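Visitor: Okay, sequence plus prediction incoming.
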Amino acid sequence: MSGSVTLILGGAASGKSKFAEEFCANTGKEKIYWATSQIFDDEMRAKLARHIAQRGPHWTTLEEAFSAKLALSGLNPDQICLMDCATMWLTNHLLADHALTEAEAELFAAMDGCCADLVIVSNETGMGIVPENALARRFREAQGRLNIALAERAERVILVAAGLPLVMKGRAL
């Protein structure tokens with residue numbers, strides 16, 4: 001039996017990750033943080049250290065940039081897993097030139113087989129201007145399609161803007 005899925009969307013620096021962390025904390029479940037970023041420089045290393053300190057010691061962090069199966073397969077119903085974020089996960093696959101259809105199929109299969117509750121953070125990228133280069137346009141289209149597919153699978157979808165949540169689908173917890 002799969003757990004519930006909540007999708008939290010927002011723009012860059014909208015407060016979506018903070019909201020997602022608070023959402024998970026309010027469930028009373030054991031908190032798992034699925035970190036999808038890859039660390040390539042000191043700036044990213046410092047940012048990740050700040051985020052870990054901000055979350056505090058009551059989170060278990062899983063670092064997995066690509067495989068949803070590896071990240072989600074060992075979880076149990078007493079846990080809630082925060083994937084932060086689907087945008088980085090998609091970017092990792094896109095830049096590694098992986099087949100996005102296959103990567104997404106693995107993600108959806110792992111979600112379907114996961115018995116923990118999932119909270120997925122993702123960037124809403126469709127509200128800006130049309131990007132000037134082909135890679136950015138390909139990313140924006142892929143992110144939009146991924147967000148639509150995630151929203152279809154989610155019981156709850158929340159948009160965060162300026163730190164304020166707007167429930168778009170389902171009910172707030």
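Guide: Cool, got the structure. Residues are numbered from 1 along each chain as shown.

Visitor: Please name every helix or strand in contact with the helix or strand bottoming out on mean pLDDT in the chain.
Guide: When the helices and strands of the chain are scored by mean pLDDT, DSSP states H and E, helix 42-55 comes last with a mean of 88. For helix 42-55, the packing partners by 3 or more C-beta pairs under 8 Å, 6 or more residues apart in numbering; DSSP states H and E come out as helix 16-25. The C-beta positions use only the backbone N, C-alpha and C, and glycine is treated the same way.

Visitor: Give the other helices and strands that the helix it packs on contacts.
Guide: strand 5-10, helix 42-55, strand 79-84, strand 117-123, strand 156-161.

Visitor: re the thing from before, what's next to the least confident helix or strand of the chain, contact-wise?
Guide: If you take C-beta atoms under 8 Å, 6 or more residues apart in numbering as the criterion, helix 42-55 is touched by 17, 21, 33, 35, 37, 39, 59, 61.

Visitor: Buried ones among these?
Guide: 17, 21, 33, 35, 37, 59 (16 or more other C-beta atoms under 10 Å).

Visitor: wait, which of those is closest to Trp89?
Guide: Nearest to Trp89 among the buried ones among the contacts of helix 42-55 is Ser37, at 9.0 Å by C-beta to C-beta.

Visitor: Could I get the contacting residues of the closest one?
Guide: Counted by C-beta under 8 Å, 6+ apart, Ser37 has contacts 44, 48, 65, 88.

Visitor: Compute the distance between it and Gly56, please.
Guide: 19 Å (C-beta to C-beta, to the nearest Å).

Visitor: same question, Ala12
Guide: Note on Ala12: its distance to Gly56, by C-beta to C-beta, is 24 Å.

Visitor: got it, and Met168?
Guide: To Gly56, Met168 is 29 Å away according to C-beta to C-beta.

Visitor: Cys85: neighbouring residues, count only.
Guide: Cys85: 22 surrounding residues under other C-beta atoms under 10 Å.

Visitor: Oh, that last question was meant for Val160, not what I typed.
Guide: 21.

Visitor: next one: Asp84
Guide: 24.

Visitor: Same question for Ser122.
Guide: 24.

Visitor: dump the residue contacts of the residue nearest to it when sequence neighbours are not counted.
Guide: In space, not counting the residues next to it along the chain, Ser122 is nearest to Ala86; the distance is 3.9 Å by C-beta to C-beta, 6 or more residues apart in numbering. Counting by C-beta under 8 Å, 6+ apart, Ala86 makes contact with 36, 120-122, 146-147, 150.

Visitor: Widest-spaced pair of these?
Guide: Among these, the pair separated by the greatest distance (C-beta to C-beta) is Thr36 and Asn147, at 14.9 Å.

Visitor: I'm done for today, thanks for sticking with me.
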